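*Asks:* sharing a model prediction with you, sequence too.
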Amino acid sequence: MKDWVKEAIVYQIYPRSFLDTNGDGIGDLPGIIQKLDYLRDLGVNALWLSPVYASPNDDNGYDISDYYSVNPEFGTLSDLQKLIGEAKARGIRILMDLVINHTSVEHPWFQASRDPQSPYHEYYIWREGLDGGKRPPNNWTSFFGGGAWERDEQNGLYYLHLFSPKMADLNYNHAPVAEEIKRIMRYWLDMGIAGFRCDVINVISKRTLQDGRKRFALTGREHYLSAEGCHTLLKSFREDVLSEYDCFTVGETVMVTPKTANELCKELDMVFSFAHMETDQINNKWFKTRFKPHKFFNVLETWQSGVAWNANYFENHDQPRSVSRFGYDLPLYRYYSATSLATVLLALRGTPYIYAGQEIGMTNGYFTGMGDIRDTESFNINALAKKLRFPEKFRWKLIMRTSRDNARTPMQWNGGANGGFTEGEPWLGVNRNASYINAEADENAENSIIQYYRRLILLRKTLPSLIDGNFTRLPAPAGVFAFRREFEGEAVVAVCSLVKNERALFKPVSGEVLAGNYIKPAGNEICLRSVRPYEAILLRQK
Ligand code: GLC
Ligand code: CA
């Protein structure tokens, strides 16, 4: 792995929710440019932009209708070029989201493919229905709930969609499709971007369309998850395109194990796994249980030990906010739990990904009913749950806790109207806590989450053990995660609590304080015997 890739600290931006500069209520590229100094000062050196391509926004840009153009809501191609240049001037690289499992049904390829005689017909997965067209071609179900096939009125055939019916899966058994993707990759890499976050990349190859084993969720998945065809495609992307550029790829990979992740890491530089995000749920993400820190820590340990280099994250645009989910989001411990999570994230081995707003401890949204929700997945799930006769109150409870809109509420910049995000009407309501949770207030707070992030980011840049060090978990009481990173005779030890009670350590840990959310570092040696609620501390040992 190249040094700059190893040293990358990535900040994810959901452009729609970052900063609106023209009052239409939608975040835009000029808004990102305006905040580049803020991002440089935070210390991040790469930005991953969720999709900014032309899109009818059924899934806010994850449904692409033209891979070569910028969504006019976000600005122009020259705004994007300006962003790449201005970011570069500040030592920040730009990663784009590569969404190639599917396109929008409004993509010209799909429109043309509806005609069985068109050369584009083979670009998608079209099949005759069963029973004279009454039933879909197989029993597969979609990630967003419900069946994975939609019947087209025009040609009477069904097309496969593993996500929303407005997002049709591409057919990688037809060679020209991969060639189109390579052209798209080259186009953006030539423009100066530093790589791709590859959306649901381990589901792209479907070589068979046999019925799947019936399951609670995602029936059919054994036929495509991390399949051989996927490896073949990724290998060709790497050999034919990526190897020619100074770039890197991170794959979003669903339902991977350390073993399958390692195999995918032969072709991708690193992958996002989900196992740690599944420790507070039963069966699927809509059924959440109480967060149990020890489960979370055990999974992190398994991945730290089992995979050479992880893409570490606790938040993104699909997940609830980490301080609400794994921490404590009321004033008493919000600072402590947000910074304890930050310590784990930045001290683990691998590349840390920080999601916009995480650095100021933004919390889950405050929604009062489905009328406040914008996410297509939440609508699908609500409809499905209604069909299953789940009472309305219960449905709302599920949605409120897990809806992706929790992480998509606009960035809270200051305590003014709409948190300083827009002068217009925001596309999704600003959290009502923006009056006191915002970047400006946090900067000036005595206990500042962003200042803590800055300190940790700086430490990652100065201590080789945080980059190259190996990972060893240390024994610690329930609710406390302790681990050691060691490289060439220098070691850093992290002790992080995610519980509300004080905990006595099994044995004292001593060292020089590098960072702490209770104890401020001042070159002091300490001997730690217990940790306070959500306390985190990073020590250097010689
Ligand atoms: C990924 C994205 C998610 C999107 C889905 C379909 O999981 O992160 O936001 O809805 O893929 O593209
Ligand atoms: Ca705008």
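*Replies:* Right, received. Where do you want to start? Ligands and ions are numbered 1, 2, ... in the order given.

*Asks:* what secondary structure does A482 sit in?
*Replies:* Here A482 is strand, with the state taken from DSSP: H, G, I helix; E, B strand; the rest coil.

*Asks:* typo on my end, it should be S78
*Replies:* helix.

*Asks:* so for it, what's the pLDDT?
*Replies:* On pLDDT, S78 comes in at 98.

*Asks:* again with the one 5 residues further on
*Replies:* At L83 the predicted local confidence, pLDDT, stands at 98.

*Asks:* could you check how far stretch 487-507 is from the centre of its chain?
*Replies:* Relative to its chain's centre, stretch 487-507 lies at 27 Å (C-alpha atoms, centre = their mean, to the nearest Å).

*Asks:* ok, stretch 136-154 next?
*Replies:* 26 Å.

*Asks:* so who does the residue of the stretch 401-542 of the chain found nearest ligand 1 touch?
*Replies:* The stretch 401-542 of the chain approaches ligand 1 most closely through R404 (6.8 Å), counting by C-beta to the nearest ligand atom. The way it works is simple: take the backbone N, C-alpha and C, and place the C-beta from them, glycine included. Residues in contact with R404 (C-beta atoms under 8 Å, 6 or more residues apart in numbering) are 317-319, 375, 377-378.

*Asks:* out of those residues, which is most surrounded?
*Replies:* Among those, the one with the most neighbours (other C-beta atoms under 10 Å) is S378, at 23 neighbours.

*Asks:* next to ligand 1, which bits of the stretch 151-300 of the chain? Give me the list.
*Replies:* Applying C-beta under 6 Å from any ligand atom, we find that the stretch 151-300 of the chain lies next to ligand 1 at 163, 199-200, 252.

*Asks:* pull out the buried residues from the residues you listed.
*Replies:* Applying 16 or more other C-beta atoms under 10 Å to these, the neighbour count classes 163, 199-200, 252 as buried.

*Asks:* name the nearest of the residues you listed relative to D131.
*Replies:* F163 (25.6 Å; C-beta to C-beta).

*Asks:* what sits against that closest one?
*Replies:* Going by C-beta under 8 Å, 6+ apart, F163 touches 59, 62, 101-102, 142-144, 200.

*Asks:* of the residues you listed, closest to ligand 1?
*Replies:* Closest to ligand 1, out of all of the contacts of F163 and judged by C-beta to the nearest ligand atom, is Y62, at 3.5 Å.

*Asks:* burial count for the closest one?
*Replies:* Y62: 24 neighbours (other C-beta under 10 Å).

*Asks:* so who does it touch?
*Replies:* Y62 neighbours (C-beta under 8 Å, 6+ apart): 50-51, 55, 97, 99, 163, 167, 199.

*Asks:* just to check, K461 is in contact with W4?
*Replies:* No. Counting by C-beta atoms under 8 Å, K461 does not reach W4; the two are 11.9 Å apart.

*Asks:* re the thing from before, how about the contacts of Y62 in TSV, adding pLDDT and secondary structure?
*Replies:* TSV is the format used below for these (pLDDT from 0 to 100; DSSP: H, G, I helix; E, B strand; the rest coil):
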residue	pLDDT	secondary structure
S50	98	coil
P51	98	coil
S55	98	coil
D97	98	strand
V99	98	coil
F163	97	coil
M167	98	strand
D199	98	coil
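
*Asks:* out of those residues, who's the most crowded?
*Replies:* V99 (27 neighbours).

*Asks:* so who does that residue touch?
*Replies:* Residues near V99 by C-beta under 8 Å, 6+ apart: 51, 53, 62, 64, 199.

*Asks:* for ligand 2, what are the nearby residues on this structure?
*Replies:* 20, 22, 24, 26, 28 (C-beta under 5 Å from the ion).

*Asks:* where's the first one relative to D442, distance?
*Replies:* As defined by C-beta to C-beta, to the nearest Å, D20 lies at a distance of 20 Å from D442.

*Asks:* which residues touch stretch 479-487?
*Replies:* 293-294, 297, 300-301, 304, 344, 347-349, 464-476, 491-499, 501, 503, 505, 509, 531, 541.

*Asks:* list buried members of these by neighbour count.
*Replies:* Judged by 16+ other C-beta under 10 Å, buried ones among these: 293-294, 297, 300-301, 304, 344, 347-349, 465-467, 469, 471, 474, 476, 491-499, 503, 505, 509, 531.

*Asks:* report the secondary structure state of the residue in the stretch 351-500 of the chain that ligand 2 sits nearest to.
*Replies:* Closest to ligand 2 within the stretch 351-500 of the chain is T422: 7.3 Å, counting by C-beta to the ion. Here T422 is recorded as coil under three-state DSSP.

*Asks:* V513 too?
*Replies:* strand.
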